[in-house]
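Chemist: below are the sequence and a predicted model; questions follow.
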There are 2 protein chains.
Amino acid sequence: MKISIGIDIGGTSTKYGIVSPEGKVLFQGSIPTQSEAKFEDFIKILASEIKKGLDPKEHKLLGIGVGAPNANYHKGTIEHATNLRWKGILPLANSLEDEFQVPVVITNDANAAAVGEMIFGGAKNIKDFIVITLGTGLGAGIVSNGKIVNGAHGLAGELGHTTVNYVNGRFCGCGKRGCLETYVSATGIKRTVYKLLADHTEDSELRSVSFDELSAEMITKYALKDDFIAKKAFEYTGRILGTKLADTVVHSDPEAIFIFGGLSLAGDLIFNPTKFHMEKHLMPVLRGKINIISSQLQNQSAPIIGASSLVIDMINEKESEIFGN
Amino acid sequence: MKISIGIDIGGTSTKYGIVSPEGKVLFQGSIPTQSEAKFEDFIKILASEIKKGLDPKEHKLLGIGVGAPNANYHKGTIEHATNLRWKGILPLANSLEDEFQVPVVITNDANAAAVGEMIFGGAKNIKDFIVITLGTGLGAGIVSNGKIVNGAHGLAGELGHTTVNYVNGRFCGCGKRGCLETYVSATGIKRTVYKLLADHTEDSELRSVSFDELSAEMITKYALKDDFIAKKAFEYTGRILGTKLADTVVHSDPEAIFIFGGLSLAGDLIFNPTKFHMEKHLMPVLRGKINIISSQLQNQSAPIIGASSLVIDMINEKESEIFGN
């Protein structure tokens, strides 16, 4: 069977899997990302774990796709990732090619999610769409005319660093203030809950939770239980996301926007204010034309499937290049 | 000689020309856009004027490219253009195909400018760039990986309708308020001059000019003569443009941004504040990496050359499709 490997490198854990051409995960696991002091040792452990699932008789390995923070698609490197312990420029693609002797393609996690949505998810017949990933930060994979927009420096889709408030916005890890992801992300909604707890006097079960203990899952759980502060936090988040999406939409004019990540599991609580405020601020001729929907790759294996789909996308690209010459 | 026809339909006049494969205008002219009550009569007059320059023995006509307001690239129609007297949906491509029996490709004027920049201007070796056109409104042609981003509804690049001020911004013809083009465009800078004349007490030659008489050229002329209000108007315009470009840049991550149109002739007066405020609000990792430069198609024939280059782009596309199958 022709298979590909998908790897999702996150700040905390690295997930990996062996994926069939139909997007079925045949084997998977995870290791802690930060346990090794040296990047080369991390790669060795990761490779040996993955090889446990590879059957040389059964499997024909086509390639490896990796979603990683600060991934440079053009160079195959991770560059100056603030969430990883290894500093500088890491030769990710070369290291994995040495281990497996197959082509390796890397991109940021949002682009991996977008390719996954296109090949295995809700965007199978859609040529122009955006996937917004809401995790520790906010990322976006922008697909235009069936292709990922990578950009001149491989940084297209960094919508988390558009600005919501230039004057006295929240401080962002990037060095700016007022960035979208300081409001709209798993971390952003925590900050919003704390702002609302400061502003309002209503009772809330969230008053007994410390900032460190608080999680986006917890806020979702309490919002679904009708907690005033938790519900208001989703309204606030959706208002800012929707307002900024009205600007995003006139850049690439997508048919649909998919929201990926834990926050999207709050359903109407996040989708209703997002849709309302996007429509309100949208160029009138586009009103009613753009769907905002939940990603259809919402499960534990989604990052692996997304990353593995990069291999399929790469092969499709190569074939069209060969025939194009 | 193989030639193409370029047509630029503006609110006031329609320019046309016959262009060589090297981008040289061999014949050109213009007619008023709004003189005919019927769209069909306008097309007839336009076609007969163009035919005066065509020599059936000398010229092999490859196709016609048109830049037009509210152009639907996918359908070849002009749709609900607020600046034209003909309402509804106008079958522009079909009408011209009937007259000339060659393929016709239409797009909005900003996309035509971007294709022109790519084929004949400053973007010959650039795969990711944006052309911002500053005229009555603000348009943008976004090129990603060497292709124009058209979008699902043919409305990609309508950056004039991103929002600068959601709360009490200037009213826009689109029905919203606070749109970028109400600040940054030939009309926008006129509104800014009037705001500044209201706010400030300094002398200015612009105090003797009515709003109807005032033009962007006049503001440029007085700014270059050191007029306080005119200079401040450019600063204000550049600040808003630069601030919004910092958001735009993280969408498609361009290598360069070209500014096209009369306002860009003010040089440093507009480029300095634009660059300063884009850099200030830009995601730090991108700082210093994106050039903002004047379009290199800055002359009277640029819209014709840009429109005619659509034909070359279409032929290149078709060839890659043929070989791609």
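Modeler: Noted; the coordinates are in hand. These figures come from a predicted structure and were not determined experimentally.

Chemist: mind splitting chain A into its structural domains?
Modeler: A:2-107, A:122-294 (automatic domain parsing).

Chemist: let me know which of these is tucked in deepest.
Modeler: Stretch with highest mean neighbour count among these: domain A:122-294 (a mean of 20; mean count of other C-beta atoms under 10 Å in any protein chain shown). Just so you know, the C-beta spots here come from the backbone N, C-alpha and C atoms, and that holds for glycine as well.

Chemist: close to chain B: what parts of the stretch 1-150 of chain A are there?
Modeler: Near chain B, the residues belonging to the stretch 1-150 of chain A are A:80, A:126-128, A:142, A:144-145, A:147, A:149-150 when assessed by C-beta under 8 Å from any C-beta of the partner chain.

Chemist: strands along the stretch 151-300 of chain A, start to end?
Modeler: A:256-260, A:291-294 (DSSP state E, counting those that start in this stretch).

Chemist: thinking again about what came up before, filter the residues of the stretch 1-150 of chain A next to chain B down to the ones in strands?
Modeler: Residues of the residues of the stretch 1-150 of chain A next to chain B located in strands (DSSP state E): A:142, A:144, A:147.

Chemist: from those, pick the one nearest chain B.
Modeler: residue A:144 (4.8 Å; C-beta to the nearest C-beta).

Chemist: can you check the pLDDT for that closest one?
Modeler: Residue A:144 carries a pLDDT value of 96.

Chemist: which residue packs closest to it, ignoring adjacent ones?
Modeler: Computed as C-beta to C-beta, 6 or more residues apart in numbering or on different chains, the closest residue to residue A:144 that is not its neighbour in sequence is residue B:149, at 4.8 Å.

Chemist: so who does the nearest residue to residue A:122 once chain neighbours are set aside touch?
Modeler: Spatial nearest neighbour of residue A:122, excluding adjacent residues (C-beta to C-beta, 6+ apart): residue A:296 at 3.6 Å. Neighbour list for residue A:296: A:117, A:121-122, A:258 [criterion: C-beta atoms under 8 Å, 6 or more residues apart in numbering or on different chains].

Chemist: again, only this time at 10 Å
Modeler: Contacts for residue A:296 (C-beta atoms under 10 Å, 6 or more residues apart in numbering or on different chains) come out as A:116-117, A:120-124, A:258, A:260, A:302.

Chemist: so which residues of chain A form helices?
Modeler: Applying DSSP state H to chain A gives helices spanning A:39-51, A:92-100, A:109-120, A:186-199, A:216-224, A:228-252, A:268-281, A:302-324.

Chemist: which one of those helices has the lowest average pLDDT?
Modeler: helix A:302-324 - the lowest mean pLDDT of the helices of chain A, at a mean of 78.

Chemist: which single residue of the stretch 51-200 of chain A ends up nearest chain B?
Modeler: residue A:151 (2.3 Å).

Chemist: I'd say that residue and residue B:149 touch.
Modeler: No - counting by C-beta atoms under 10 Å, residue A:151 stays clear of residue B:149, with 11.8 Å between them.

Chemist: what residues do these two have in common as contacts?
Modeler: A:142, B:251-252.

Chemist: who are the contact partners of the residue of the stretch 201-325 of chain A found nearest chain B?
Modeler: Minimum separation of the stretch 201-325 of chain A from chain B (C-beta to the nearest C-beta) falls at residue A:253, amounting to 2.3 Å. Residue A:253 is in contact with A:128, A:144, A:283, A:286, A:289-290, B:142, B:149-158, counting by C-beta under 10 Å, 6+ apart.
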